[in-house]
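Asker: I'll drop the sequence and a predicted model, then ask my questions.
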Amino acid sequence: MTLEKPLSIELRLPSKLGFEKIAMQTAASYATLLGLGLDRVEDLKTAVAEACINAIEHGNHGDEKIIVGVILSMDHERLEVKVLDHGSGIQHAVLPPDIDKKILGEEDPRGMGMFLIQALVDEVEWVSNPPEGSYARLVIYLDREKH
Amino acid sequence: MQTETSVKVEQLKTAAEAAVAIIRFHGDITSTSKAVILDAYRALPAGTDKLIFDFTKVDYLNSSGIAILIQLLMEAHKTAQAVHSFGLSAHFQKVFAMVGITKYTHLYPDQAAALTAFS
């Protein structure tokens, strides 16, 4: 699909677990339409789902009345997804999980979402902008070899 | 919005007649799946030392679901159970490798391979 000007799609989701699947499927349809390969579409789906889960659980504390915003946009080089919430943002570094510690009960078995996002997309940033809220910005290059 | 998780447990035998329990997951594996998955695991017959996870019918798996699988692997590790898995998409095979789960469960392309590997 060739676009003459940037196209964006916006979603407004309630902060309820499960609704991340709407963002995930929308991102997958959008990326497929733009010609992204299946493996990268799968990467994007997981990254978008995890960013939405973070926004629902940690940003908006599961308050269904508060909206998680998802904005998908693209230019000729990249597909970008912004996931917005009303929280104070990420206050800690993203560390890879230590599976041995998890198996031994020395590390919480949860807490892998941000690591997965970082590992699966080409660029990611978490921006804190209180009191307006915070967002995660995920980027996937349409042609990875150019970067 | 989420597809409920269901779990079916079956008993198989290897070619050498060793007992193997297989846990077949269906639907989504997310934070809401914890009770059904852990209950099914904890109801396995005492003495089960070979276990297979079947992901063939899993529709959606997220990091909270992976955390529940890690809890299963924690319990399996405590009792020296060997765990094999099959039925994961190429994407989730990659994700399992990224988070290190493949150190505690070997991934196989299908049930026959997972079962044969116990022989």
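Answerer: Perfect, thanks for sending it. For clarity, every value in this text was computed on a predicted model and none was experimentally measured.

Asker: For residue 12, give the beta-bridge partners.
Answerer: Went with chain A since none was named. A:Gly69 (DSSP bridges).

Asker: meant chain B, my bad for not saying
Answerer: Bridge pairing for B:Leu12 - DSSP bridges - gives B:Val20.

Asker: Quick check: it vs B:Ala19, distance?
Answerer: 8 Å (CB to CB, to the nearest Å). Just so you know, the C-beta spots here come from the backbone N, C-alpha and C atoms, and that holds for glycine as well.

Asker: do stretch B:44-51 and chain A meet at all?
Answerer: No. Contact of stretch B:44-51 with chain A is not found when judged by CB under 8 Å from any CB of the partner chain; the minimum separation is 14.9 Å.

Asker: middle-most residue in chain B, spatially?
Answerer: B:Phe53 (2.5 Å; CA atoms, centre = their mean).

Asker: hang on, isn't it packed against B:Val20?
Answerer: No. Look at B:Phe53 against B:Val20 with CB atoms under 8 Å: they stay out of range, at 11.5 Å.

Asker: For the lengthiest helix in chain B, name the packing helices and strands.
Answerer: Scanning chain B for the longest helix, with DSSP state H as the assignment, gives helix B:63-78. Here helix B:63-78 touches helix A:38-54, helix A:99-103, strand B:19-29, helix B:34-42, strand B:50-61, strand B:82-86, helix B:90-99, going by 3 or more CB pairs under 8 Å, 6 or more residues apart in numbering or on different chains; DSSP states H and E.

Asker: looking at those, which is closest to A:Leu138?
Answerer: Closest to A:Leu138 of those is helix A:38-54 (CB to CB; 5.4 Å).

Asker: neighbours of B:Gln11, just the number please.
Answerer: B:Gln11: 11 surrounding residues under other CB atoms under 10 Å in any protein chain shown.

Asker: give me every residue that touches it.
Answerer: B:Ala19, B:Val20, B:Ala21, B:Ile22, B:Pro45 (CB atoms under 8 Å, 6 or more residues apart in numbering or on different chains).

Asker: What of B:Phe92?
Answerer: Per CB under 8 Å, 6+ apart, neighbours of B:Phe92: B:Phe55, B:Leu61.

Asker: what do you get if the cut-off is 7 Å, keeping everything else the same?
Answerer: Going by CB atoms under 7 Å, 6 or more residues apart in numbering or on different chains, B:Phe92 touches B:Leu61.
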